[in-house]
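# Quick one, fold the following:
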Amino acid sequence: MTQHARALNRQDYKTLTLAALGGALEFYDFIIFVFFAAVIGERFFPADIPDWLRQLQTFGIFAAGYLARPLGGIIMAHFGDKAGRKKMFTLSILLMALPTLAIGLLPTYATVGLLAPVLLLLMRILQGAAIGGEVPGAWVFVAEHVPVGRIGLACGTLTAGLTLGILLGSVVATLLNTSMSPQALAEGGWRIPFVLGGGFGLVAMYLRRWLHETPVFLEMQRRKVLARELPVRTVVMKHRRAVVISMLLTWLLSAGIVVVILMSPVWLQKQYGFAPALTLQANCIATLMLCVGCLLAGLAIDRMGAGATFIAGSLLLAVASSAFYHLVAGSPGLLFWLYGLAGFAVGIVGAVPYVMVRAFPAEVRFTGISFSYNLSYALFGGMTPIVVTMLSGISPLGPAWYVLALAIVGLGVGISLRNPRYHEDNQVAQMPGGN
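Residues are numbered from 1 along each chain as shown. Here you go, the predicted structure:
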């Protein structure tokens with residue numbers, strides 16, 4: 001049996017498990033802020049300012065994490081391509097755990113005045129820098145450990161693990177909001193999820209010490225073919241096509257999750273009066289189905305190839321999301337089914353890292369993915385909620401239009417991936433070494 005075709009072994013499963021666990025906890029640390037934005041705004045800003053301004057400032061601090069992603073990601077990726085994947089993979093989770101723990105221990109505005117929001121902003125920037133290196137680093141790490149014929153499954157599994165972090169944040173927020181009074185939550189209960197997240201992150205960092213450097217990096221090190229010039233310069237000058245495709249796929253990934261998973265519960269409540277508890281239950285189902293979709297997308301891309309997978313997955317996304325947004329108001333009894341199907345269709349994002357990993361040669365792979373992913377996230381991740389909100393002001397179906405545009409992007413990328421010229425242009429990006 002060739003290395004290309006061999007099944008995943010015990011070490012592969014250990015690598016995937018630890019990577020997915022760490023990614024889930026790190027995504028939890030990054031996203032938990034939004035679940036407690038209201039109470040954080042009350043504790044870290046003056047009480048005499050308008051509520052809308054307080055919320056604007058709070059979400060501005062949340063957005064700062066997105067803006068910090070490109071710089072942190074590129075710096076960590078630079079050293080990941082130069083010094084090793086494992087070192088940066090471990091550092092990223094430490095850089096997330098410590099600021100998350102610190103947020104849970106920060107003094108409030110009532111104690112230190114304007115220093116409180118400044119410290120909160122600094123911690124949020126550090127979180128953004130960490131997540132900017134974690135996700136690309138995790139994809140590269142697992143892809144370079146498993147056989148070539150299992151890269152799709154590995155990346156799909158890892159992406160499913162990342163989305164579980166969102167579900168974990170939702171569950172923790174629900175438990176705290178139902179078990180504590182608003183006063184108890186405001187006085188100190190809001191600190192609990194951040195302290196938990198920081199502690200979990202430190203445990204995950206400790207567990208990652210048992211991981212090994214990737215065979216691909218060790219092979220490049222042995223052959224002395226590590227990047228000789230600035231990796232980001234090589235990516236920008238020599239791999240523009242790969243950057244464009246990776247940025248488009250990152251838009252599909254980020255915006256699909258933001259609109260369908262994160263924004264839809266509020267849309268259901270405001271547009272059609274669904275009870276918050278009901279939308280939260282439906283959201284949990286959609287997130288679980290998203291995880292299943294990610295796994296199946298990874299399996300499909302290993303068997304069918306990238307082009308066919310994205311064409312089929314994008315068509316399913318267009319149909320399933322349209323059904324959800326168009327039918328849920330008239331058929332509230334089908335909420336769980338429609339939202340679950342939409343979440344499953346968003347699972348096409350589980351195939352995204354496969355294309356990105358294969359698009360860049362190993363010497364600059366970490367940097368290429370990180371540059372494309374974080375630049376796209378900074379541009380589209382921050383703009384998506386604003387655009388969707390504006391579209392919703394025009395029509396209740398505004399989110400449906402946006403997701404349809406994402407499906408068209410995915411379809412276009414899928415068609416381009418079937419073009420023989422794409423494969424000719426990307427022969428240099430095949431996985432070298434022990435895979």
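
# any idea how far the closest residue to Thr214 other than its chain neighbours lies from Ala129?
Computed as Cβ to Cβ, 6 or more residues apart in numbering, the closest residue to Thr214 that is not its neighbour in sequence is Glu144, at 3.6 Å. For every residue, glycine as well, the C-beta is placed using N, CA and C. Counting by Cβ to Cβ, to the nearest Å, the gap from Glu144 to Ala129 is 23 Å.

# who's more crowded, the two?
Glu144 (28 against 25; other Cβ atoms under 10 Å).

# quick one, phi/psi of the more buried one?
Note on Glu144: its backbone torsions stand at phi -90, psi 0 [degrees, to the nearest 10].

# That one and Ala362 touch, don't they?
Yes - under the criterion of Cβ atoms under 8 Å, Glu144 makes contact with Ala362 at 7.4 Å.

# What ranges does the protein have for its strands?
Secondary structure of the chain, counting by DSSP state E: no strands present.

# residue furthest from the geometric center of it?
Distance from the centre of the chain peaks at Asp48, with 35.9 Å (Cα atoms, centre = their mean).

# Check what pLDDT it gets.
Among the per-residue scores, Asp48 shows a pLDDT of 77.

# Check which residues of stretch 126-144 are buried.
126-144 (16 or more other Cβ atoms under 10 Å).

# How far off centre is it?
Relative to the centre of its chain, stretch 126-144 is centred 10 Å away, using Cα atoms, centre = their mean, to the nearest Å.

# ok, now stretch 248-260?
9 Å.

# Quick one: mean pLDDT for it?
Mean predicted lDDT for stretch 248-260 stands at 90.

# May I have it exported as PDB, CA atoms only?
Extracted as PDB, the C-alpha positions of stretch 248-260 are listed here (Å, rounded to 0.1, in the frame of the first residue of the first chain):
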ATOM      1  CA  LEU A 248     -12.700  34.000  -2.300                       C
ATOM      2  CA  LEU A 249     -13.000  30.600  -0.500                       C
ATOM      3  CA  THR A 250     -12.300  32.400   2.900                       C
ATOM      4  CA  TRP A 251     -15.100  34.800   2.100                       C
ATOM      5  CA  LEU A 252     -17.400  31.800   1.600                       C
ATOM      6  CA  LEU A 253     -16.200  30.200   4.800                       C
ATOM      7  CA  SER A 254     -16.300  33.200   7.100                       C
ATOM      8  CA  ALA A 255     -19.500  34.800   5.700                       C
ATOM      9  CA  GLY A 256     -21.400  31.500   5.500                       C
ATOM     10  CA  ILE A 257     -20.800  30.900   9.200                       C
ATOM     11  CA  VAL A 258     -21.400  34.500  10.200                       C
ATOM     12  CA  VAL A 259     -24.700  34.900   8.400                       C
ATOM     13  CA  VAL A 260     -26.300  31.400   8.700                       C
END
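
# end to end, how far does stretch 341-359 reach?
Terminal residues of stretch 341-359 lie 30 Å apart, using Cα to Cα, to the nearest Å.

# To clarify, my last question referred to stretch 260-279.
OK, stretch 260-279 end separation, Cα to Cα: 12 Å.
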